[in-house]
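1. Starting from these lines, generate the structure:
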Amino acid sequence: MPAAGEQTGLVQTSYGLVPNQRDGAPRAWIRFDEQVAEGAKDLRPGDEIVVLTWLHLARRDELSTHPQGDMSQPLTGVVSTCSPNRPNPVGPHRARIVARDGLRIEVDALEAIDGTPVVDVKPAIHQPA
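-> The predicted model follows:
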């Protein structure tokens with residue numbers, strides 16, 4: 001117990017790495033349920049896809065934020081930012097398939113935490129030149 005007027009602090013003994021768009025995202029495996037195996041059968045290494053995730057830990061009541069957590073930036077509506085906190089926290093992630101193992105595909109980058117639900121996988125649409 002600290003004496004009156006003393007402050008205490010928490011010493012952190014381990015640190016987790018939180019990937020973000022500015023730093024790049026790690027490789028990740030996506031596992032398809034057996035029920036959708038037929039729909040995913042043609043996915044191949046080299047394919048570019050868009051993975052739609054449900055950001056299940058995101059706050060749904062935060063409608064404004066300081067972009068990139070920078071308090072010097074003005075409050076901005078979350079729909080105009082990359083904040084995971086939004087009314088409907090769907091996360092779009094463009095990625096390339098680098099490996100396939102049965103019902104699993106490995107992608108080159110996925111900005112999501114382990115266990116984040118995948119809502120859908122779609123082919124990436126290329127912009128005309």
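
2. Start and end of stretch 75-85, how far apart?
-> 14 Å (CA to CA, to the nearest Å).

3. what residues does that stretch touch?
-> By CB atoms under 8 Å, 6 or more residues apart in numbering, the residues outside stretch 75-85 that reach it are 21, 55, 57-60, 62-68, 86-87, 91. C-betas here are computed from N, CA, C, even on glycine.

4. Any buried residues in that stretch, and which?
-> 78, 81, 83-85 (16 or more other CB atoms under 10 Å).

5. between those residues, which is closest to Glu48?
-> Of all the buried residues of stretch 75-85, Glu48 sits closest to Pro84, with 22.6 Å by CB to CB.

6. any idea how far His56 is from that closest one?
-> 10 Å (CB to CB, to the nearest Å).

7. Spit out the contact partners of the residue at minimal distance from the centre of the chain.
-> Nearest residue to the geometric centre of the chain (CA atoms, centre = their mean): Ala112, 2.8 Å. Contacts for Ala112 were tallied using CB under 8 Å, 6+ apart; they are 25, 28, 53, 55, 91, 93.

8. Type out the PyMOL command that picks the buried ones from those.
-> Buried subset of the contacts of Ala112, written as a PyMOL selection, criterion 16+ other CB under 10 Å:
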select buried, resi 25+28+53+55+91+93
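
9. ok, which pair from the contacts of Ala112 is furthest apart?
-> Ala28 and Leu55, at 14.5 Å, using CB to CB across the contacts of Ala112.

10. gap between the residue lying closest to Pro45 once chain neighbours are set aside and Gln35?
-> Of all residues not flanking Pro45 in the chain, Ile97 sits nearest, at 5.2 Å (CB to CB, 6 or more residues apart in numbering). The gap separating Ile97 from Gln35 is 20 Å, by CB to CB.

11. picking that back up, which of the contacts of stretch 75-85 sits closest to Pro45?
-> Of these, the one sitting nearest to Pro45 (CB to CB) turns out to be Gly91, at 22.8 Å.

12. In this structure the residue nearest to Pro45 contacts Leu43, no?
-> Yes. Look at Ile97 against Leu43 with CB atoms under 8 Å: they come within range, at 6.0 Å.
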